[in-house]
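*Asks:* what would the 3D arrangement of this be:
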Amino acid sequence: MIGKFQRVTEFFSVIEQFSGLDTGKDRLQWLGNSTGTFKVSAAYRKLNHPIMQASKWPWKHIWKAKIPHKEACFVWLLAKKVVLTQENLMKRGITQCSRCFFCGETAETVNHLFIQCKVTGQLWSLFLRCKNISWVMPGRMAEALYSWEEVGLQAKNRTGESFLLLFGGLSGKKEI
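*Replies:* As a prediction, this is how the structure comes out:
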């Protein structure tokens, strides 16, 4: 429901960008492209930009990162949202408590467990503070991985360390 509300809000913010002309005959002008003419494809790209980024995320960077193969496999599963969280286990017919193991406050989804959980948030804060990185945590795992790919690969060890933090810190592994 929140996702639909956010998309409607984004839609209205795009519509609000419309401005008529001050002089002459009124005409519509679309700010979604350089020509000012409305095209469905431009509107689609504008409205779906974060989703498009996540879907076009270059998967090969997971495999090229200088991290152990086991961690790369885990990050790949994480990006595909098929890590065995309580939610994914329930989809496969394995019924258990759907609450997050760490905080016990909400359903254990991939996004909650690795992004939104308050325990996970503390781990991320500690990691980012230790590395002196300013970063705003996005709402979805694919967007987080995409932003690390876009920004973090400039300093390759940061990306690898973030993958290791995800794998080592949140999967119960004792050493990174």
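
*Asks:* what's the spacing between the spatially most central residue of the chain and Q6?
*Replies:* Nearest residue to the geometric centre of the chain (Cα atoms, centre = their mean): E143, 2.0 Å. Distance of E143 to Q6, computed by Cβ to Cβ, to the nearest Å: 12 Å. For glycine as for every other residue, the C-beta is placed from the backbone atoms N, C-alpha and C.

*Asks:* now stretch 104-114: mean pLDDT?
*Replies:* Mean pLDDT, stretch 104-114: 91.

*Asks:* buried ones in that stretch?
*Replies:* Buried positions in stretch 104-114, judged by neighbour count with 16 or more other Cβ atoms under 10 Å: E108, T109, V110, N111, H112, L113, F114.

*Asks:* same question, stretch 37-47
*Replies:* Applying 16+ other Cβ under 10 Å to stretch 37-47 flags A42, K46 as buried.

*Asks:* right, and the helix or strand after the lengthiest helix in the chain?
*Replies:* Secondary structure assigned by DSSP state H gives helix 2-16 as the longest helix of the chain. Once the chain leaves helix 2-16, the next helix or strand it forms, by DSSP states H and E, is helix 40-47.

*Asks:* got the angle for that next one vs helix 2-16?
*Replies:* Angle, helix 40-47 to helix 2-16, by axes from the mean of the first three to the mean of the last three Cα atoms, to 10 degrees: 120 degrees.

*Asks:* just give the nearest non-adjacent residue to T109, would you?
*Replies:* E87 (4.7 Å; Cβ to Cβ, 6 or more residues apart in numbering).

*Asks:* the one helix or strand the one you found maps to: how far from the chain's middle?
*Replies:* Assigned by DSSP H and E, E87 belongs to helix 86-91. With Cα atoms, centre = their mean, to the nearest Å as the basis, helix 86-91 stands 20 Å off its chain's centre.

*Asks:* cool, stretch 7-20 as well?
*Replies:* That offset, for stretch 7-20, works out to 23 Å (Cα atoms, centre = their mean).

*Asks:* gap between the longest helix of the chain and the chain center?
*Replies:* 18 Å.

*Asks:* and the contacts of it?
*Replies:* G32, A43, K46, L47 (Cβ atoms under 8 Å, 6 or more residues apart in numbering).

*Asks:* can I get those residues in JSON lines with distance to W76?
*Replies:* Output for the contacts of helix 2-16, formatted as JSON lines (distance: Cβ to Cβ, whole Å):
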{"residue": "G32", "distance to W76": "34"}
{"residue": "A43", "distance to W76": "32"}
{"residue": "K46", "distance to W76": "30"}
{"residue": "L47", "distance to W76": "28"}
